[in-house]
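Give me a 3D structure for the following:
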Amino acid sequence: MATMLGADIGGTFTDFVAHDDRTGQTRVWKVPSVPADPVQAIIDGLKDHPDREALGHLRIGTTVATNAILERQGAVVAYVTTKGFRDVPFIQRGNRKHHYDMSWVKPKPLCLRRHCFELDERIDAKGRVVKPLDDDAVRQVAAAIRAIPEIEAVACCLLFSYLNPDHELRVKAILEQELPEHAISISFEVLPKWKEYERASTTLADAYLKPVVGKRLKAMRERLDGAGIAAPAVLIRSNGGEMTLDAAATTPIQLLVSGPTGGVIASRHVAELTGIDHLVTLDMGGTSTDVSTILDRAETFTTNFEIEWGVPIQIPIIDIRTIGAGGGSIAWIDKGGMLRVGPQSAGAVPGPACYGKGGLDATVTDANLALGRIDPANFLGGAMQLDQAAAEAAVAKVGELAGLAMEEAALAILRIADNNMVGALRSVLIERGLDPRDFTLLAFGGAGPLHAASLIREMGIPRAIVPNHPGQLSAYGFILTDARVDRQRTIQMTSHDFPAARARAMLAELEAQALGELEAQSYTERLTVTRALEMRYLGQNYELELAIGEDALDGARVPELWQAFHAAHEARFGFAIPGEPIEIVNVAVTAMSRTERPADARLDTTMPEGRPIGERRVRFASGRLPTAIYVRDTLAPGQRIQGPALVEEAASVTVIEPGQHLAVDPFGHLVIGAAP
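Predicted structure coming up:
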């Protein structure tokens, strides 16, 4: 028995959740992040932990891989490919980010052209060897790479290796012999799928990260040991699973969207707990806002991800959209004299003006404070005193430039920030053909509950939920995380000529690989395996993923597969084409080792309803209104509160606008909706 602990390293704060499975108690807290040294925030947060010896796995969400690519601080990479194809990473795709901007230039790939090398070998589109690989030619390439001292890693992406990996595997074996100090990534192990540029870009990213991430993870373990934190540390993968530090160093590309996944995992748990089928999640922290969806009580995944426009990274990840809108987003005036908010952030240092750390710019947090929505004496449960006068002065300054009084400027800052988040919500709902009226908004992060009420009004979403521990929900999601491995591979078959035995064999191979990877990380209990096919009508350009049972590819049941695809296509796009050939593009396997999750306690039904602890005048669009102040821990299950009102807790404040009401569900979640 031990304490499960999750740590989410954010841009402004690092959040912690500790659940003691001996007592059933959950403790949450946060400390300021240290952007220049993220591990220090973990050490600071655990400095006074009462029972560090009893810690189980320390589950960490990290931005180490994301920042290394965004800031271009990765390794110098050599690119090895089939003769005639070394320019694929530079040609990229024919699309443009800005169609009419003549000054726009393509993003730079993660390697230099002078570091690209070709091998005179060839495998064709059927996986047949057209020209054998010459081992001596590979050794010559290795010698050329060795002669360039700055190169630290090699990415190998040979033509059609996803159909026949023999050449790539041989290249890897030779390079490991000839270049033992270099990190080696091959596309068959990173992304064995078609589409040459996407496969090359993803393999380059993996190689680009390996030396840097490996060193930083080693340093993380040494720092934790030096601070007396001996608990085994695991990292959160982009697919919402966990992986050991050693596994993360081997496949660092899997860490690309690590931190935000915790909130989506916890949101799925809330959906299962409350019986709500569809959620749209909004995680508003100090620096950014992440949005995602829970459909039929399950996360949504994607492989169409770009770390920056035009640089695709096609690993399976939880589908999360991120915008630069957070509590620390800075209000500013553009060249046209218009008020703007973000994406620049005050971050943890100096932070918003009200933090008193030298920040002078008005931020979203300053605007909320100036309008009376945050109690300056009760920020972080009173652990941090905010400077009301500094916030009002910063907001007044930007308001003067925009020709607005202080309170009008603060309202405008919040309205613009809300509008930015509405755009993100529309991108995961309306732009995908999903009706906001079918969803519930789950708002969390330190700033999310402050904006939930206005967002459901703007979006036409019927209700919002503020879950327990909203300021640390992502960290809470980490203690719910399973170990997970996704394996995918291009297969290219059609319904008119479908070799079911070959498909079964490939699924079995992927299953063995996925389970083997889990076993190598010592995950051997509570194992589950799911299988899926990515399919489309012949000639289409995008696939639908169809989950299948273990016996779905048995000969007699194959016709049911085509019927299921027709039904799925009609449900997604509103039509089906029976009789049209169906193309099976990719096969996919997911292996998981389930985590034992903490039980969710219901509130005591005999507790009395909480009474307001006071009242203050809070500014809304209609003016300053007397607003009742409640403490969240005192609210009873079933209690209803009419707006305007504020519900305060240590890490956040929930706003109920005039004309809205709040209800407390049996687990203590706050449900906001229009007044009946």
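
From now on I want contacts and neighbour counts done on CA atoms only, so please keep to that.
Will do.

Now for residue 133, how many residues are close by?
Residue 133 has 19 neighbours, counted by other CA atoms under 10 Å.

My guess is it contacts residue 123. True?
No: under the criterion of CA atoms under 8 Å, residue 133 makes no contact with residue 123, lying 9.6 Å away.

Strands along the stretch 101-250 of the chain, start to end?
Per DSSP state E, counting those that start in this stretch, the stretch 101-250 of the chain carries strands over the ranges 116-119, 122-123, 129-131, 153-157, 183-186, 233-236, 242-244.

wait, which of those strands is closest to residue 579?
strand 122-123 (33.2 Å; CA to CA).

what does that closest one rub up against?
Residues from elsewhere that reach strand 122-123 (CA atoms under 8 Å, 6 or more residues apart in numbering): 82, 129-133, 159-161, 164.

hey, which of the strands of the stretch 101-250 of the chain is tucked in deepest?
strand 153-157 (a mean of 28; mean count of other CA atoms under 10 Å).

which residues in the stretch 501-650 of the chain form helices?
When assigned using DSSP state H, counting those that start in this stretch, the helices of the stretch 501-650 of the chain occupy the ranges 558-573.

and residue 636, what does it touch?
Residue 636 neighbours (CA under 8 Å, 6+ apart): 603-605, 607-610, 664, 668.

what number of residues lie near residue 460?
Residue 460 has 13 neighbours, counted by other CA under 10 Å.

what does residue 27 give?
Using other CA under 10 Å: residue 27 sits among 12 other residues.

what about it, distance to residue 229?
18 Å (CA to CA, to the nearest Å).

Show me the strands in the stretch 301-450 of the chain, by range?
Under DSSP E, counting those that start in this stretch, the stretch 301-450 of the chain gives strands at 301-302, 306-308, 311-312, 317-318, 321-323, 329-333, 339-345, 440-444.

What of the stretch 551-676 of the chain?
Using DSSP E, counting those that start in this stretch, strands in the stretch 551-676 of the chain cover 582-593, 614-620, 623-631, 640-642, 645-649, 652-656, 660-664, 670-674.

Flag every buried residue along the second one.
By neighbour count on 16 or more other CA atoms under 10 Å, the buried set for strand 614-620 is 616, 618-620.

Kindly report the same for the shortest one.
The neighbour-count criterion (16+ other CA under 10 Å) identifies 640-642 as the buried residues of strand 640-642.

just to revisit the earlier point, for the contacts of residue 636, work out which two are farthest apart.
608 and 668 (13.7 Å).

Among these two, which residue is more densely surrounded?
Neighbours per residue (other CA under 10 Å) separate residue 608 from residue 668, with residue 668 holding more: 22 against 12.

for the more buried one, what are its contacts?
467-468, 602-603, 635-637.

mind running it again at 7 Å?
Residue 668 makes contact with 468, 603, 637, according to CA atoms under 7 Å, 6 or more residues apart in numbering.

and it, how far is that from residue 22?
22 Å.

mean confidence for stretch 543-551?
Averaged across stretch 543-551, pLDDT comes to 91.

ok, and what's touching that stretch?
With CA under 7 Å, 6+ apart as the test, stretch 543-551 has contacts from 531-536, 565.

One more: stretch 52-59?
2-7, 229, 231-236, 478-479.

Let's see that stretch as CSV, backbone CA atoms only.
Extracted in CSV, the C-alpha atoms of stretch 52-59 (Å, rounded to 0.1, in the frame of the first residue of the first chain):
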residue,chain,number,x,y,z
ARG,A,52,7.7,10.7,1.1
GLU,A,53,8.9,7.2,1.9
ALA,A,54,5.4,5.8,1.2
LEU,A,55,5.2,7.3,-2.2
GLY,A,56,4.3,4.9,-5.0
HIS,A,57,4.9,5.8,-8.6
LEU,A,58,5.4,9.5,-9.1
ARG,A,59,3.5,10.2,-12.3
